[in-house]
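# need coordinates for the following:
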Amino acid sequence: MDRRNVGEQEIAHEERLRQPKLRIKIAAIALDLHCTQLTDTIALEVEIAGKAPSLELPDGVSCFMRAITVANERGYDAAALFAKAQPRMTLGSVPLSEVTRWLGIRLRDERTGVEVAFTLGARLVGVPDGRDAAVLRAHIANVENFFRYLSLLLGSLGEGSFLESETAGEGQWLRRLGQGGASLLEPMVRALSLDSGELVEIDQLIKRLEDPEGGAPYFIDKAQVENFAEIPLRNGRMRALADTAFQYGLDRALWIPPSRPSFGEPVPATKTLVFSDWSMVPDAIAALLSHEASRRMNMSLDLVGRTSRPIGVEEMMPMLCPSPTLAAWVDPLQLEQRHGRAGTYAELLVQVRQVLGERLNPACLSRLAERSDRLLPLTIEAELDRGVDWGRVGAIEHDAHDEHGAMARTIEAIKQALDSDDHHGDPDPRDIVDKLAEFALGSPATCALRALARLCPELQIDDPALVGAAIVVALGFRSLYNQPLYR
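I've put the predicted structure just below:
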């Protein structure tokens, strides 16, 4: 077949799709779009209304249908629906603010791939109350659009209307709305002085933003914050950001998950950068996400008001005192090279116990067991004659510490602990290995010392500068633990 005939056939197929007859037949079919309330969205189902006749599509022609606000550009095969072989067809679900009667129709010639697209209006059935208000809220979901909407309400003030030219007149303030530095004070004062009804319209706008069923307002209420009640995220971008923040359990993490954890698989989570022209956005996002994280942790007003004593330096000695010996002996990277990657924390503990058992003989363990376990990071250094020169460790004060002079007190407490006579009653050397393994893997001070030593290979791991920096990091964690959320 020559190319001319092929081209003529393609044109014929395209004309078959574009011919008014098929489109008119489809458009003549009355459609009902049924809305069903789900937990957070509205499910959409379409059906042929009344007793409209069925429609058989021509051979080789496919018809796809979709709700124009549903993220499915391909659509769903509507041949069975139009032939009445299928009473209803599901079109997905959307938020209330995106419920619309408009459907996208796509006709396709399967032989040539030629497509024709158009839209049809359906009759909405069972639309939940508050759809109009939800659409309005979606359109003014950010400051810029809200200012622009207010400018529309104020735009009937004579020279301040949108009918002015682009280059002259007092209406220039109107075109600056939504831009940085714009102010609504002057036009609102004018509206107040003229008493021409614009402020009444703005008052009605605020009322329309309230819950259509008379419940809690869409503005954040003080009681919601104080009682750690749920604050619905009305903005789609904010909901997506919350999903990103919480989908991997980050609300239960004390810190950003490591990109290369010591055991198991890495968590596919990282920092998210949010850019905005409005300086209020970072604080607003942080406040909303922090509130939601607190709510998920079952925080309550009673817990916030609790006056329990913060954890002192002496109680957190194993966490605040870095052990150069444990940091050097127990390196998860070296353990992985030797034993293979641990799948769980329990497997990693087994590897650490093996390393400690190889380096500490029974007599040494018995002597360590005679001292209090909270002093183990210190006593293991003294037992191996590897003590840190604490006189050379400088006291570095940091704003993140929850009390002034915290590091100086920590160093002084460590010095006094070295000379203390703190003994166990009936020690078991096997427990000592377990405690040393947990301190080596979980003590913030020892972990920080290990990480800092990797960054500064030119320094010995017991260098006073590294030890001091490790204590600074550990004290930061102490401040975190002393927050009401964690006490």
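# enumerate every residue touching F82.
I26, I29, I48, S54, L55, E56, L57, C63 (Cβ atoms under 8 Å, 6 or more residues apart in numbering). C-betas here are computed from N, CA, C, even on glycine.
# S93 too?
L38, T41, I42, A43, L44, V70.
# so what's the second one up against?
Contact analysis of T41 by Cβ under 8 Å, 6+ apart lists S93, V94, P95, L96.
# related to what we said a few turns ago, TSV for the contacts of S93, including secondary structure, distance to G442 and pLDDT?
Shown next, in TSV, are the contacts of S93 (DSSP: H, G, I helix; E, B strand; the rest coil; distance: Cβ to Cβ, whole Å; pLDDT from 0 to 100):
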residue	secondary structure	distance to G442	pLDDT
L38	coil	43	90
T41	coil	42	89
I42	strand	48	91
A43	strand	47	93
L44	strand	51	94
V70	coil	48	78
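# nearest to P258, of those?
T41 (35.3 Å; Cβ to Cβ).
# picking that back up, report the buried members of the contacts of T41.
Neighbour-count burial (16 or more other Cβ atoms under 10 Å) applied to these gives S93, V94, L96.
# among these, which are located in strands?
S93, V94 (DSSP state E).
# redo the buried ones among the contacts of T41 as JSON lines? Include pLDDT and distance to P322.
JSON lines is the format used below for these (pLDDT from 0 to 100; distance: Cβ to Cβ, whole Å):
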{"residue": "S93", "pLDDT": "91", "distance to P322": "54"}
{"residue": "V94", "pLDDT": "88", "distance to P322": "55"}
{"residue": "L96", "pLDDT": "87", "distance to P322": "55"}
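# still on that earlier bit, let's see which of the contacts of F82 end up in strands.
Using DSSP E, these in strands are I48, C63.
# of the contacts of F82, just the buried ones, ChimeraX syntax please.
Burial among the contacts of F82 is assessed by 16+ other Cβ under 10 Å; the matching ChimeraX selection reads:
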select :26,29,48,55,57,63
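# adding distance to D434, write the contacts of F82 out as a markdown table.
Output for those, formatted as a markdown table (distance: Cβ to Cβ, whole Å):
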| residue | distance to D434 |
| --- | --- |
| I26 | 73 |
| I29 | 74 |
| I48 | 71 |
| S54 | 75 |
| L55 | 75 |
| E56 | 76 |
| L57 | 72 |
| C63 | 68 |
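# among the contacts of F82, pick out the one closest to L376, please.
The closest of the contacts of F82, once distances to L376 are taken by Cβ to Cβ, is C63, at 74.2 Å.
# bridging residues for that closest one?
L107 (DSSP bridges).
# which of the helices and strands in this structure ranks last by mean pLDDT?
Least confident helix or strand, the chain: helix 172-175 with a mean of 40, by mean pLDDT, DSSP states H and E.
# between the contacts of S93, identify the one with the most neighbours.
L44 (25 neighbours; other Cβ atoms under 10 Å).
# isn't that one up against T90?
Yes - using Cβ atoms under 8 Å, L44 makes contact with T90 at a distance of 7.3 Å.
# now list whatever residues contact both of these two.
Counting by Cβ under 8 Å, 6+ apart, nothing touches both L44 and T90.
# where does V116 sit: helix, strand or coil?
Secondary structure assignment for V116 (DSSP: H, G, I helix; E, B strand; the rest coil): strand.
# and it, how far from D251?
Distance, V116 to D251, by Cβ to Cβ, to the nearest Å: 48 Å.
# my guess is A191 is in a helix, correct?
Yes - counting by three-state DSSP, one finds A191 located in a helix.
# was I right to think it contacts L199?
Yes - with contact defined as Cβ under 8 Å, A191 counts as touching L199 (5.2 Å).
# these two: which has the busier surroundings?
Shown here are A191 and L199; by other Cβ under 10 Å, A191 has more neighbours (22 against 15).
# keep only those of the contacts of F82 that are in helices.
Within these, residues falling in helices by DSSP state H are I26.
# need the contact list for L466.
Per Cβ under 8 Å, 6+ apart, neighbours of L466: L449, L452, A453, C456, L459, Q460.
# so for stretch 472-487, mean pLDDT?
For stretch 472-487, mean pLDDT is 74.
# on that earlier part again, return a PyMOL selection command for the buried portion of the contacts of L466.
Applied in PyMOL, the following selects the buried portion of the contacts of L466 according to 16+ other Cβ under 10 Å:
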select buried, resi 449+452+453
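# give me the three-state assignment for the residue nearest the centre of the chain.
For the chain, the residue sitting closest to the mean C-alpha position, by Cα atoms, centre = their mean, is A245 at 2.1 Å. What three-state DSSP gives for A245 is helix.
# would you confirm that it contacts A253?
No - with contact defined as Cβ under 8 Å, A245 does not count as touching A253 (10.5 Å).
# any idea how far P377 is from E458?
Distance from P377 to E458, by Cβ to Cβ: 24 Å.
# what about those two, which has more around it?
In terms of neighbours (other Cβ under 10 Å), P377 is the more surrounded of P377 and E458; the figures are 27 against 5.
# surely the more buried one is in a strand?
No - using three-state DSSP, the assignment for P377 is helix, not a strand.
# please, which helix or strand holds E292?
helix 280-296 (DSSP states H and E).
# show me which positions of that helix end up buried.
Buried residues in helix 280-296 (16+ other Cβ under 10 Å): I285, L288, L289, H291, E292, A293, S294, R295.
# would you point out the most distant pair within those?
That would be I285 and R295, which, of these, are the farthest apart (Cβ to Cβ) at 15.9 Å.
# got the contact list for G249?
Here G249 is in contact with V267 (Cβ under 8 Å, 6+ apart).
# tell me how far it lies from T272.
15 Å.
# same question, T39
25 Å.
# do the same with I231
20 Å.
# who has more neighbours, the two?
Set I231 next to T272 and count neighbours by other Cβ under 10 Å: I231 wins out with 16 against 9.
# next one: that one, what pLDDT does it get?
Taking I231 on its own, its pLDDT is 87.
# what about it, which SS state?
I231 ends up coil, using three-state DSSP.
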